[in-house]
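1. heads up, no residue letters with this:
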């Protein structure tokens, strides 16, 4: 059997991160969860993920801050799916300039849809 895709979830909502983790693991993926931006940065430094699901609003280091740290002139080394409660156009634009193309609003998307986005990005 081939290498499992490595997914990093950076999300401070324990319930949501547990559901995402469970669904992605059931799809045969290796999942690591970080509950804030600092833990997320440590996880990326330790082992680069194949894809990251990122919340933008977290205590301490926000998702915006984390994206700024890992973005290289608007390019990312791996796909990032933003999963947030923020729906403003300026937030979308800011994330896009940092290299993140997929912007999902939590209230408008199901966990199954999130999993489908992850699978599509990993193909």
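-> Thanks, I have it. Source: prediction; values computed, not measured.

2. quick one: the residue minimising distance to the centre of the chain and residue 10, what's the gap?
-> Nearest to the mean C-alpha position of the chain, by C-alpha atoms, centre = their mean, lies residue 53 at 1.4 Å. Distance from residue 53 to residue 10, counting by C-beta to C-beta, to the nearest Å: 7 Å. C-beta coordinates here come from the backbone N, C-alpha and C atoms, glycine included.

3. what is the burial count for the residue nearest to residue 12 when sequence neighbours are not counted?
-> Once flanking residues are discounted, residue 12 sits nearest to residue 58: 4.4 Å by C-beta to C-beta, 6 or more residues apart in numbering. When neighbours are defined as other C-beta atoms under 10 Å, residue 58 has 24 of them.

4. same thing with residue 111?
-> Residues lying near residue 111 (other C-beta under 10 Å) number 14.

5. also the one 3 residues further on?
-> Applying other C-beta under 10 Å, we find 22 other residues in the vicinity of residue 114.

6. hang on, it packs against residue 83?
-> Yes - here residue 114 reaches residue 83: they are 6.4 Å apart, a contact under C-beta atoms under 8 Å.

7. residues that sit against both of these two, list them.
-> Residues touching both residue 114 and residue 83 by C-beta atoms under 8 Å, 6 or more residues apart in numbering: 53, 104.

8. if you count contacts, what does whichever helix or strand residue 114 is part of end up packed against?
-> Using DSSP states H and E, the element containing residue 114 is helix 111-122. Contact here means 3 or more C-beta pairs under 8 Å, 6 or more residues apart in numbering; DSSP states H and E; on that basis helix 111-122 packs against helix 14-26, strand 51-54, strand 80-84, strand 102-105.

9. tell me the angle that helix makes with strand 80-84.
-> Interaxial angle of helix 111-122 relative to strand 80-84 (axes from the mean of the first three to the mean of the last three C-alpha atoms, to 10 degrees): 160 degrees.

10. buried stuff in helix 111-122?
-> By 16 or more other C-beta atoms under 10 Å, the buried positions in helix 111-122 come out as 114, 115, 117, 118, 121.

11. kindly report the same for stretch 69-78.
-> Neighbour-count burial for stretch 69-78 flags 70, 71, 78 (criterion: 16+ other C-beta under 10 Å).
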